[in-house]
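Trainee: coords below, sequence missing:
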């Protein structure tokens, strides 16, 4: 008898769009069967190339992503578009939630578009994103465009998920470079100044290039491109640059190094999650913690001793001495 | 016979400045004896009030921190100043590294100043910061001012370490609010517009207040203050506002709630670190991973199965099925 998961695996491999949507929901919501599903699909999927696209709101990321997807479709390749929406606790709304895609893309069976919202921890979102990419790879998608708004931390987590990271700025972004972009400057493989007909585009390009020239990684000096996504100006060159970086990753071994690092981190995440879950469940960690936290608050006991108690209750050797080794 | 750790504990409790400096280095560098040291000091320390001060470079955080420390000294209280320096991979330099403190503070025996650099993971820095605060609490320090540059993620981790989080901006910061400050807007308990004689200060104040009014947390609507740290204008009011927030935390139970959450997270961190270390060491996790990663890369095996192998080798029940529950 086939299990539900086996049935779903088969449908995803067949490229059944509704099955893919259901599988993605299982991963996002951590539903029963998720592990079986991913186990079944992982070894049968492609290695999917992932291009992360990040930058401040309003920089035109969505339009650029649509353009890049359009080029890939012209070559007959299947494309996934995953939009990661950091939801603000203020508004309860998602910054990308109401975006409107190019109509020809959203009806194209060769394009799979999915929005993901921030739920719970930042780490959880990065992991769910990684797993959605596994699912899309199993459907035969050649490349995934991963679009995130660069407001804080999420884009850094997501960058770790991508092969190529593209940072999209606008001419006005210049003001904040030193102050705000340290994180973005370091993760970018390709920089795009969109809306380049506005004042300051060339100045920002020169500024970016001078900062990027200082990067120690000399094999790939991130290029800075100017585009106008709305008219399409510069987008052909951008697509070629993305392709160049993809070739560079293959040629130099850097792509393999990044994938290896990513997979090692993923395995470690699974191991740690499993252990954490066991502790919470089997050692009654929640009760242990609750029962002891008042003592910790009042300074009657220290956090290390409580950690030892929890490990002991979970049937694990409690010694923390390794902390010192 | 007293161990080295016991000797050091005694000296720290006596407020011996060189001992405190040595203890901080032990924590920063994860040296042997760190756990014994923290265990010995935790239960004997004060609950130290922590005020985090964050914002973009050049906003005048250091000058404000010095002013606040000066007020506390006038009341005869001991103060710790911890500067967390995010080190850029580009320059190899620390943004705060070469700052110059007010001379009267750096020679005051009632003030303990320490800079901490980003080493390794972001999580590691937040944890080291937390542990340095434990050490300072043991010396009898009443409050710790935790200064971080807001460039990316670190300030969010640090905010979780603080009782009160103060966000320091300058009038020019207005441009980037929507784009960049989502993270900062959410963590701030008090907002300061420093260098308030410059153009745009009042406009930024109004803008901030309108955004902050939307926060769901109605018990404490974060006030927006204008200061000129260099002349001292507005700093008395700022110190009073910090004191008001401290009272609010005590009165409302919010302070206890934050501390409780923080301590629970700290215990969990210790538990997970211990488990991870055991796995790396005792199950030869590194070799396990290295030996299997090629298979994962080539799609011959999936990450979940490798995680199970590692757990089994570490003597832990491997079942991942709980993932589904």
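Mentor: On my side now, so go ahead. Just so we're clear, the structure is a prediction, and the values are computed from it rather than from any experiment.
Trainee: Where does pLDDT dip in chain A?
Mentor: For chain A, applying pLDDT under 70 flags the ranges A:1-3, A:46, A:85-104, A:117-124, A:150-157, A:174-184, A:282-283, A:315-325.
Trainee: Now for the residue positioned nearest the centre of it: which residues touch it?
Mentor: Centroid check for chain A by Cα atoms, centre = their mean gives residue A:158 as the closest residue, at 2.9 Å. By Cβ atoms under 8 Å, 6 or more residues apart in numbering or on different chains, the contact list for residue A:158 reads A:52, A:54, A:84, A:126, A:129, A:146, A:148. For glycine as for every other residue, the C-beta is placed from the backbone atoms N, C-alpha and C.
Trainee: Filter the residues you listed down to the buried ones.
Mentor: A:52, A:54, A:84, A:126, A:129, A:146, A:148 (16 or more other Cβ atoms under 10 Å in any protein chain shown).
Trainee: Identify, from the residues you listed, the entry nearest to residue A:275.
Mentor: The nearest member of the buried ones among the contacts of residue A:158 to residue A:275, counting by Cβ to Cβ, is residue A:126 at 19.1 Å.
Trainee: so that closest one makes contact with residue A:161?
Mentor: Yes - using Cβ atoms under 8 Å as the test, residue A:126 is close enough to residue A:161 to be in contact (6.1 Å).
Trainee: just to revisit the earlier point, so which of the contacts of residue A:158 belong to strands?
Mentor: A:52, A:54, A:84, A:146, A:148 (DSSP state E).
Trainee: In a markdown table: those, plus distance to chain B.
Mentor: Output for the ones in strands among the contacts of residue A:158, formatted as a markdown table (distance: Cβ to the nearest Cβ, whole Å):
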| residue | distance to chain B |
| --- | --- |
| A:52 | 16 |
| A:54 | 12 |
| A:84 | 14 |
| A:146 | 18 |
| A:148 | 13 |
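Trainee: can you redo these as CSV with distance to residue B:141?
Mentor: Below are these laid out as CSV (distance: Cβ to Cβ, whole Å):
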residue, distance to residue B:141
A:52, 43
A:54, 40
A:84, 41
A:146, 45
A:148, 40
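Trainee: quick one: which of these is nearest residue B:200?
Mentor: Among these, and counting by Cβ to Cβ, the member closest to residue B:200 is residue A:54, at 27.8 Å.
Trainee: correct me, but that closest one touches residue A:145?
Mentor: No - at 11.3 Å, residue A:54 does not count as touching residue A:145 under the criterion of Cβ under 8 Å.
Trainee: So what touches stretch A:236-256?
Mentor: A:49, A:51, A:64, A:67-68, A:71, A:163-164, A:166, A:189-190, A:192, A:219-220, A:223, A:225, A:227, A:258, B:297.
Trainee: Pull the distance from the top helix by length along chain A to the chain's centre.
Mentor: In chain A, taking DSSP state H as the definition, the longest helix is helix A:254-282. Centroid separation for helix A:254-282 versus its chain: 15 Å, with Cα atoms, centre = their mean, to the nearest Å.
Trainee: What are the buried residues along that helix?
Mentor: A:254-255, A:258-260, A:262-271, A:273-275, A:278-280.
Trainee: Now do the helices in the stretch 1-150 of chain A.
Mentor: A:4-13, A:17-28, A:34-42, A:61-74, A:103-106, A:122-138 (DSSP state H, counting those that start in this stretch).
Trainee: In CSV: those, plus distance to chain B.
Mentor: What follows is the helices of the stretch 1-150 of chain A, written out as CSV (distance: least, Cβ to the nearest Cβ, whole Å):
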stretch, distance to chain B
helix A:4-13, 9
helix A:17-28, 10
helix A:34-42, 4
helix A:61-74, 12
helix A:103-106, 26
helix A:122-138, 9
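Trainee: export those helices to CSV and tack on distance to residue B:42?
Mentor: Conversion of those to CSV gives the following (distance: least, Cβ to Cβ, whole Å):
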stretch, distance to residue B:42
helix A:4-13, 47
helix A:17-28, 40
helix A:34-42, 39
helix A:61-74, 47
helix A:103-106, 56
helix A:122-138, 27
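Trainee: which one of those helices lies closest to residue B:37?
Mentor: So among the helices of the stretch 1-150 of chain A, helix A:122-138 is nearest, using Cβ to Cβ, at 29.5 Å.
Trainee: Give me the contacts around the closest one.
Mentor: With Cβ under 8 Å, 6+ apart, helix A:122-138 has contacts from A:12-13, A:20, A:23-24, A:27-28, A:34, A:38, A:41-42, A:44-48, A:50, A:80, A:82, A:84, A:112, A:114, A:116, A:118-119, A:144, A:146, A:153-154, A:157-158, A:160-161, A:262, A:266, A:269.
Trainee: again, only this time at 7 Å
Mentor: Helix A:122-138 is contacted from outside by A:12-13, A:20, A:23-24, A:27-28, A:38, A:41-42, A:44-48, A:50, A:80, A:82, A:84, A:112, A:114, A:116, A:118-119, A:144, A:146, A:153-154, A:157-158, A:160-161, A:266, A:269, using Cβ atoms under 7 Å, 6 or more residues apart in numbering or on different chains.
Trainee: of those residues, buried ones?
Mentor: A:12-13, A:20, A:23-24, A:27-28, A:38, A:41-42, A:45-46, A:48, A:50, A:80, A:82, A:84, A:112, A:114, A:116, A:118, A:144, A:146, A:153-154, A:157-158, A:160-161, A:266, A:269.
Trainee: about what we covered before: which one of the helices of the stretch 1-150 of chain A lies closest to residue A:232?
Mentor: Going by Cβ to Cβ, the one of the helices of the stretch 1-150 of chain A nearest residue A:232 is helix A:61-74, 6.5 Å.
Trainee: same for that closest one, what does it pack against?
Mentor: strand A:49-55, strand A:79-85, helix A:103-106, strand A:143-149, helix A:235-252 (3 or more Cβ pairs under 7 Å, 6 or more residues apart in numbering or on different chains; DSSP states H and E).
Trainee: Where do the domain boundaries of chain A fall?
Mentor: Domain assignment for chain A, taken from automatic domain parsing, gives A:1-44, A:45-264, A:283-324.
Trainee: List phi and psi for residue A:142.
Mentor: The phi/psi pair for residue A:142 (degrees, to the nearest 10) reads phi -80, psi -40.
Trainee: same question but for residue A:224, I mixed them up
Mentor: phi -120, psi 120.
Trainee: my guess is it meets residue A:209, correct?
Mentor: Yes - the criterion here is Cβ atoms under 7 Å, and residue A:224 meets it with residue A:209 at 5.4 Å.
Trainee: who has more neighbours, the two?
Mentor: Comparing residue A:224 with residue A:209 by other Cβ atoms under 10 Å in any protein chain shown, the one with more neighbours is residue A:224, at 21 against 14.
Trainee: residue contacts, that one?
Mentor: A:191, A:193, A:205, A:208-209.
Trainee: What's opposite it in the beta bridge?
Mentor: residue A:191 (DSSP bridges).
Trainee: Could I get the contacting residues of residue A:285?
Mentor: Here residue A:285 is in contact with A:279, A:310 (Cβ under 7 Å, 6+ apart).
Trainee: For it, give its distance to residue B:269.
Mentor: Computed as Cβ to Cβ, to the nearest Å, the residue A:285 to residue B:269 distance reads 13 Å.
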